[in-house]
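Asks: Fold the following and give me the result.
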Amino acid sequence: MAAYLWVAIGSALGGVARHWCTLVSARWFGTAFPWGTLFINVLGSFVIGLFFVLTGTDGRYDVSANAKVFVMVGICGGYTTFSAFSLQTLALALEGQWLRAGAYVLASVVLCLIAVFGRAVPDRGVGRLRRRGRRQCGGPGGLRSAGRRPPQSIAVNPSLSIRSRSRSRAGLGVVRSLGP
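Replies: Predicted structure coming up:
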């Protein structure tokens with residue numbers, strides 16, 4: 001049970017660090033390219049790899065299982081899930097399973113992109129149909145009559161932007177606060 005508490009505390013710390021890094025990178029570098037996400041993924045992968053080497057079976061330090069889950073699952077997991085992906089790829093490579101490591105990288109990237117596009121594209125199409133229907137019938141429920149502005153580009157997080165309505169949607173505030 002203590003391990004769950006350590007994961008929760010580490011995740012909170014990692015999530016706060018992630019949000020802060022995203023905001024800082026947006027201020028410093030702008031939002032044209034997701035520099036914050038890139039920095040977070042690289043730093044998180046470095047930290048989990050370093051901790052793995054230092055505390056693994058051949059490592060310099062002997063730490064408790066709770067300390068390992070606090071840093072590797074909690075902090076790094078809250079900071080970036082890319083760090084776990086990197087560590088699992090490293091583990092496959094160190095075991096000499098290069099084909100599996102390559103397949104894991106390819107499958108992760110391709111399937112995750114398909115998943116995100118598969119979810120986003122139908123929603124955009126359905127949203128367009130709904131908006132057209134409202135405009136065509138006019139009257140109550142239409143965009144203009146409800147006092148809503150037409151879709152515009154808004155930042156989901158400082159590193160990305162999407163097309164959405166200016167009114168808040170359930171969960172959008174949470175997405176904004178989580179960062180990349």
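Asks: Against which helices or strands is the helix or strand where residue 67 lies packed?
Replies: Using DSSP states H and E, residue 67 maps to helix 65-68. Judged by 3 or more C-beta pairs under 8 Å, 6 or more residues apart in numbering; DSSP states H and E, the packing partners of helix 65-68 are helix 2-29, helix 35-55. (Glycine included, C-beta is placed from N, CA and C.)
Asks: Next, the buried residues of that helix.
Replies: residue 68 (16 or more other C-beta atoms under 10 Å).
Asks: same deal with stretch 18-26?
Replies: Quick answer for stretch 18-26 (16+ other C-beta under 10 Å): 18-19, 21-22, 25-26.
Asks: from these, which is closest to residue 106?
Replies: residue 18 (25.8 Å; C-beta to C-beta).
Asks: before we move on, back to that, mind putting the buried residues of stretch 18-26 in a markdown table, distance to residue 11 and pLDDT included?
Replies: A markdown table is the format used below for the buried residues of stretch 18-26 (distance: C-beta to C-beta, whole Å; pLDDT from 0 to 100):
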| residue | distance to residue 11 | pLDDT |
| --- | --- | --- |
| 18 | 10 | 91 |
| 19 | 12 | 92 |
| 21 | 15 | 92 |
| 22 | 16 | 89 |
| 25 | 21 | 91 |
| 26 | 22 | 90 |
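Asks: out of those, which one sits closest to residue 44?
Replies: For the buried residues of stretch 18-26, the nearest to residue 44 is residue 18 (8.3 Å; C-beta to C-beta).
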